[in-house]
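>>> dropping a prediction and its sequence here:
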Amino acid sequence: MSLRISIVMAIYNVEEYLDEAIQSIINQTVDFQKNVELILVNDGSPDNSGEICRKYQKEFPLNVKYIEQENAGVSVARNRGLEVVTGDIVNFMDPDDVMDLSALEKVKDFFNFYKEINLVCLPLHFFEAQTGEHMLNYKFKRGAIIDVERDFDCILLSSSSAFIRSSAFLKRRFPVGQKFGEDASVLTDIILENGRYGVLPNTIYWYRKRYAGNSALQGGYDSYDYFIPFIKDYLLQKLNKYSETEVPKYLQFLVMYDLQWRLRLKHYPEFLKETEFEQLLQEVLLRIDDDIINAQRYLNYYQKKAILRIKREGFIENIEEDMFFLDDGEENQTLFDATGKRIIDLNQTKLHLSIIEARNGSLKITGYCNNEFTNTDISIICKFNGKEIVVSNFPYPDKKSSVMGKVVHKAKGFIVEIPIEDFKIGRKIRFFVSNNGKKTSASISFDGQASKFSNNNDNYYYILENKIIMKYSKKKNYFYFMENSITNILKNESKIFKMISKKKGKKQALKISGLRIIARVKTHFKNRKTYLFMDRIDKADDNAEVLYQFYQQHAKNKDINFVIDRSVEDSLRLKHKNFKLINYHSKKHLISLLTADKLISSHADKFIYQLPYGLEEYVKDMKDFRYIFLQHGITKDNMSHWLKKTDKNFALFITAGIPEYKSINDSEYQFINNEVVLTGFPRYDRLSKQDTKKQIVIMPTWRQGIVADYDDTISARPYFDKFKESQFYMKWNKLLNNENLRRFCKANGYTLVFVPHPSIRQQLSDFDLADIIVPEYDESYSKLLKDADLLITDYSSVFFDFSYMRKPIAYYHFDNGNWDNESGYFDYHTDGFGPIFDDDNNLVNYIKSLVTDNELKIESKYLDRINSFFKFDDLRNSQRVHDAIEKL
């Protein structure tokens with residue numbers, strides 16, 4: 001009998017992805033019209049997804065069913081689709097994902113062969129913003145059939161990658177109103193009912209991780225629902241079905257897998273401390289066997305031990321106190337716990353190298369060890385030419401392991417420095433670890449964009465200050481050196497070309513190797529320093545532009561270039577200023593990234609410092625620029641998770657505020673040795689205290705979730721018709737049209753200027769902007785601020801720039817900003833440069849109170865705060881930044 005497959009898609013705001021998803025079904029190796037029923041449920045989508053659905057329904061009227069409903073959530077939409085399913089097998093594919101073209105054929109073959117199995121799943125692989133496999137894909141190595149009693153750790157959470165016999169849904173539906181675990185809830189019931197399910201390792205379900213971070217699996221860690229209802233309405237509900245019998249180990253493992261992400265957070269949310277979370281947690285843990293907790297793959301030993309203590313006794317600080325060592329031969333040692341269980345051998349230690357760089361005549365290697373030994377007295381040893389080199393401690397706070405906000409395990413970070421003049425052909429660098437008198441060789445892993453080498457291939461090589469070539473042998477586990485000659489360069493490049501050819505094909509290998517060889521030769525023979533400056537891809541007018549202008553006047557024997565998309569208006573403006581421009585992502589830009597001595601930018605996104613088109617992994621050994629981060633604005637929140645040294649490897653981090661400078665010098669960011677400097681921002685040189693134009697500038701930031709996702713096809717965010725329903729729109733539009741504000745401006749000769757955030761500009765037509773100036777996107781940022789008498793903003797860091805001119809500011813805080821950043825040193829109530837309002841009328845009354853001698857004057861208490869914040873009050877910021885860069 002020919003099985004028919006029904007695919008139910010719950011559709012909401014996926015216009016830019018939907019065609020790709022549907023095409024991956026239509027183009028399957030099985031005949032779409034004979035084998036597939038596609039049920040498209042429009043869950044009140046505000047975009048043009050409905051039009052796309054109707055197009056396919058018209059093209060395939062016998063295969064495609066289209067249902068529209070008011071927005072009610074994915075579970076309601078799927079349940080609505082289930083009502084009209086006629087196929088033998090049903091799947092719930094997400095409308096922004098795709099399947100391998102052979103997937104449905106292999107699913108049909110499976111069900112035809114295994115007639116007693118109700119469910120089969122595909123391996124889940126990520127694409128777009130994240131690549132690689134899902135962490136639960138290990139189950140696809142266990143054979144075609146998973147026996148959940150035997151293979152209890154082979155859990156399944158995603159219904160989008162699962163195919164289920166329709167008979168399983170005769171009396172079953174997705175839970176409505178459950179914010180987490182809707183898929184797993186249904187799948188678990190089906191799997192436990194049957195006791196077995198199938199896996200198909202030789203095809204793939206491709207799950208899209210969006211750059212915007214708003215797909216179903218992303219976000220939610222700071223919400224009440226993520227913790228309390230999740231445990232009460234999902235985990236405990238599942239466990240309580242077995243109140244009279246033993247909880248199946250499969251269910252225990254699934255519960256513990258989901259629970260671990262709530263437990264291992266480094267920052268225990270404040271709102272949980274006054275809830276029943278700990279009581280609920282205890283209730284869940286008491287239903288989970290110790291061996292299930294110990295079987296979790298993504299908790300380390302110390303986290304498991306802490307969770308077991310929580311289960312039995314409550315939290316205990318010193319969880320390593322019962323551990324002991326036993327020697328195992330001359331060079332090895334074994335770590336045991338109090339029960340005598342073997343934890344790890346010393347000779348299993350791996351060192352993760354984050355940064356390898358040649359600077360000022362020295363080679364610096366920065367890395368960490370993160371296994372169970374690092375809670376002991378383990379030492380890192382570096383030997384060069386047979387002699388031990390001093391190894392210093394280096395902070396790696398982001399590598400701490402926590403349970404419920406308590407640190408239970410720390411990584412051992414280190415940095416070692418060796419003079420390059422000591423490197424000779426035949427000499428080697430080796431790493432060892434020692435503990436309690438035992439020393440053994442440590443294996444090496446290269447992590448991060450600045451580690452130069454590859455874990456998969458030994459052919460890459462790093463040229464140290466154009467003097468000598470450094471390579472790594474994985475087999476022999478050491479670094480070694482060879483002469484920096486054109487002959488050796490070409491020999492190494494030939495090996496790399498062969499390696500790339502095997503992976504990417506000869507055509508791609510020729511392109512990549514061509515870039516590499518041009519860059520290698522150019523670097524080998526260049527006789528002056530190359531600097532790359534960059535602000536945004538599509539806009540300058542920030543710190544990099546201002547600093548570039550300073551370098552135009554003061555650079556001696558330096559090749560200075562400015563990177564920008566040559567198709568944008570700012571490009572023409574810069575050309576008229578005699579900027580030497582490089583087109584973004586041109587061949588010249590790619591080669592320049594590989595040959596530059598310094599990359600100087602106001603931004604820290606990957607598109608600034610990484611090569612596109614999948615090239616990065618093939619040129620990692622070549623990029624050796626010093627990255628100077630000028631910043632786009634004052635950093636007031638704790639951004640160490642993103643801007644840390646071992647990720648971005650800034651050679652200089654430019655700051656403008658005294659408290660900002662102190663906070664970034666904190667070890668959380670990992671910067672040492674004067675890598676953070678307090679100079680002021682170059683663009684502040686444009687903020688002279690000239691006569692204003694009697695303008696009040698309203699300049700808010702934006703909010704996630706109130707506008708559409710960025711669309712690569714139009715290089716912008718499309719219009720979003722639900723934007724007008726947001727509190728953000730209603731509050732700002734009300735302020736813009738406040739009658740008291742309008743009358744005040746008219747009576748006193750002021751003009752309102754509305755400057756929307758770039759992510760909001762597509763919604764401008766929604767605002768009522770009569771008699772309000774809205775500058776063009778390419779309007780000079782500094783000119784807008786100079787012309788203004790007063791700034792109204794919310795959480796935008798633009799207020800720091802405005803305050804540099806000692807002019808009045810008012811904050812409009814009707815919400816919390818909806819940002820997930822960890823709070824930093826700046827508190828708006830005690831440190832802010834103006835008062836905070838949540839009501840537009842009160843804000844307007846405050847503005848009226850500031851008028852003195854027909855001018856808007858800043859209050860003295862806020863002036864004092866501003867003076868305490870900034871070290872400098874001049875127009876010499878570019879000079880100071882220039883001097884700091886040239887000292888490198």
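Yes, it's here. Nothing here was measured: the structure is a model prediction, and the numbers come from that model.
>>> so residue 439 lies in a strand, does it not?
Yes: the assignment for residue 439 by DSSP: H, G, I helix; E, B strand; the rest coil puts it in a strand.
>>> roughly how far apart are it and residue 431?
Residue 439 is 11 Å from residue 431, where distance means CB to CB, to the nearest Å. For the C-beta atoms, the positions are set from N, CA and C on the backbone; glycine is no exception.
>>> with residue 443 instead?
Using CB to CB, we find residue 443 at a distance of 9 Å from residue 431.
>>> quick check: buried residues in stretch 256-274?
256, 257, 258, 259, 260, 262, 263, 264, 265, 269, 272 (16 or more other CB atoms under 10 Å).
>>> pLDDT check: weakest of those?
Lowest-confidence member of the buried residues of stretch 256-274: residue 269, scoring 76 (pLDDT).
>>> how much space is there between residue 887 and residue 446?
Distance of residue 887 to residue 446, given as CB to CB: 30 Å.
>>> pick out whichever of those two has more residues nearby.
residue 446 (21 against 9; other CB atoms under 10 Å).
>>> what touches both of residue 439 and residue 431?
residue 381 (CB atoms under 8 Å, 6 or more residues apart in numbering).
>>> more crowded one of those two?
Shown here are residue 439 and residue 431; by other CB under 10 Å, residue 431 has more neighbours (25 against 16).
>>> which strand or helix spans that one?
Secondary structure from DSSP states H and E places residue 431 in strand 428-435.
>>> how about residue 334?
If you go by DSSP H and E, residue 334 is part of strand 333-336.
>>> now that strand, how far from the chain's geometric center?
How far strand 333-336 lies from its chain's middle: 36 Å, per CA atoms, centre = their mean, to the nearest Å.
>>> tell me the mean pLDDT over it?
80.
>>> so which bits of that strand are buried?
So for strand 333-336, counting by 16+ other CB under 10 Å, buried means 333, 334, 335.
>>> what's the answer for stretch 531-548, then?
531-548.
>>> domains of this structure?
5-209, 224-313, 344-484, 526-680, 686-869 (the TED database).
>>> tabulate the ones you listed (CSV), appending distance to residue 507.
Shown next, in CSV, are the domains of the chain (distance: least, CB to CB, whole Å):
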stretch, distance to residue 507
domain 5-209, 22
domain 224-313, 39
domain 344-484, 20
domain 526-680, 13
domain 686-869, 25
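>>> please, which helix or strand holds residue 84?
Using DSSP H and E, no helix or strand contains residue 84.
>>> what's the burial count for it?
Neighbour count of residue 84, defined by other CB under 10 Å: 13.
>>> residue 160 versus that one, what's the distance?
19 Å.
>>> packing partners of the strand holding residue 334?
Strand 333-336 is packed against strand 324-327, strand 342-345, with contacts defined by 3 or more CB pairs under 8 Å, 6 or more residues apart in numbering; DSSP states H and E.
>>> after the last one, next one along is what?
This means strand 342-345. That would be, after strand 342-345 and using DSSP H and E, strand 350-359.
>>> and the helices in the stretch 601-750 of the chain?
606-609, 640-643, 645-648, 658-664, 727-736, 739-748 (DSSP state H, counting those that start in this stretch).
>>> dump those to JSON lines, plus mean pLDDT.
Below are these laid out as JSON lines (pLDDT from 0 to 100):
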{"stretch": "helix 606-609", "mean pLDDT": "91"}
{"stretch": "helix 640-643", "mean pLDDT": "91"}
{"stretch": "helix 645-648", "mean pLDDT": "96"}
{"stretch": "helix 658-664", "mean pLDDT": "96"}
{"stretch": "helix 727-736", "mean pLDDT": "95"}
{"stretch": "helix 739-748", "mean pLDDT": "95"}
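>>> who wins for proximity to residue 861 among those helices?
helix 658-664 (17.1 Å; CB to CB).
>>> list the helices and strands that closest one packs on?
In terms of contacts (3+ CB pairs under 8 Å, 6+ apart), helix 658-664 is packed against strand 650-655, strand 676-678, helix 860-869.
>>> for the spatially closest residue to residue 838 that is not a sequence neighbour, give me its contacts.
Nearest-residue entry for residue 838: residue 814, 4.9 Å, with adjacent residues in sequence omitted and distances by CB to CB, 6 or more residues apart in numbering. By CB under 8 Å, 6+ apart, the contact set of residue 814 is 727, 731, 838, 839.
>>> and the residues you listed, which two are the farthest apart?
Going by CB to CB, the pair spanning those furthest: 727 and 839, at 13.4 Å.
>>> give me the buried stretch members for stretch 378-389, please.
Buried positions in stretch 378-389, judged by neighbour count with 16+ other CB under 10 Å: 378, 380, 381, 382, 384.
>>> quick one: contacts of that stretch?
346, 349, 351, 365, 369, 391, 412, 414, 416-418, 422, 427-435, 439, 442.
>>> quick check: mean pLDDT of that stretch?
Here the average pLDDT along stretch 378-389 is 93.
>>> same question, stretch 677-695
For stretch 677-695, the mean confidence score works out to 90.
>>> quick one: end-to-end distance for stretch 772-780.
18 Å (CA to CA, to the nearest Å).
>>> tell me which residues of stretch 194-206 are tucked away?
By 16+ other CB under 10 Å, the buried positions in stretch 194-206 come out as 196, 197, 198, 199, 200, 203, 204, 205, 206.
>>> doesn't residue 151 make contact with the second one?
So the one you mean is residue 197. No: with contact defined as CB atoms under 8 Å, residue 197 does not reach residue 151; the gap is 9.9 Å.
>>> just the strands in the stretch 151-300 of the chain please.
For the stretch 151-300 of the chain, applying DSSP state E, counting those that start in this stretch gives strands covering 162-165, 196-199, 205-209.
>>> how near is residue 452 to residue 357?
Counting by CB to CB, the gap from residue 452 to residue 357 is 8 Å.
>>> so for those two, which sits in the more crowded spot?
Legend: neighbour count by other CB under 10 Å for residue 452 and residue 357, higher for residue 452 (23 against 19).
>>> residue contacts, that one?
Residue 452 touches 356, 357, 446, 460, 462, 620, 621, counting by CB under 8 Å, 6+ apart.
>>> same deal with residue 534?
544, 562, 563, 564, 599, 600, 601, 602, 603, 608.
>>> ramachandran coordinates for it?
Here is the backbone geometry of residue 534 (degrees, to the nearest 10): phi -160, psi 140.
>>> show me what it is bridged to.
Beta-bridge pairing for residue 534 (DSSP bridges): residue 563, residue 601.
>>> buried stuff in stretch 76-90?
Applying 16+ other CB under 10 Å to stretch 76-90 flags 76, 77, 78, 79, 80, 81, 82, 85, 87, 88, 89, 90 as buried.
>>> which residues does residue 406 bridge with?
Under the criterion used (DSSP bridges), residue 406 bridges to residue 403.
>>> hmm, residue 306 and it touching each other?
Yes: with contact defined as CB under 8 Å, residue 406 counts as touching residue 306 (7.3 Å).
>>> on that earlier part again, need the helices and strands packed on helix 658-664 in CSV with distance to residue 778, can you?
Formatted as CSV, the helices and strands packed on helix 658-664 follow (distance: least, CB to CB, whole Å):
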stretch, distance to residue 778
strand 650-655, 24
strand 676-678, 30
helix 860-869, 29
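>>> highest mean neighbour count out of these?
With neighbours defined as mean count of other CB atoms under 10 Å, these peak in mean count at strand 650-655, which reaches a mean of 23.
>>> now that strand and strand 350-359, what's the angle there?
Strand 650-655 and strand 350-359 are oriented at 80 degrees to each other (axes from the mean of the first three to the mean of the last three CA atoms, to 10 degrees).
>>> pairing partners for strand 650-655, with directions?
Counting by DSSP bridges, strand 650-655 is paired with strand 626-629 (parallel), strand 676-678 (parallel).
>>> what does the last one rub up against?
Strand 676-678 has contacts (CB under 8 Å, 6+ apart) with 652-658, 661, 664-665, 669, 871, 880-881, 884.
>>> what is the nearest of these to residue 21?
Using CB to CB, residue 669 comes nearest to residue 21 of the contacts of strand 676-678, at 40.7 Å.
>>> what is the burial count for the nearest residue to the closest one once chain neighbours are set aside?
Spatial nearest neighbour of residue 669, excluding adjacent residues (CB to CB, 6+ apart): residue 640 at 4.7 Å. Residues lying near residue 640 (other CB under 10 Å) number 22.
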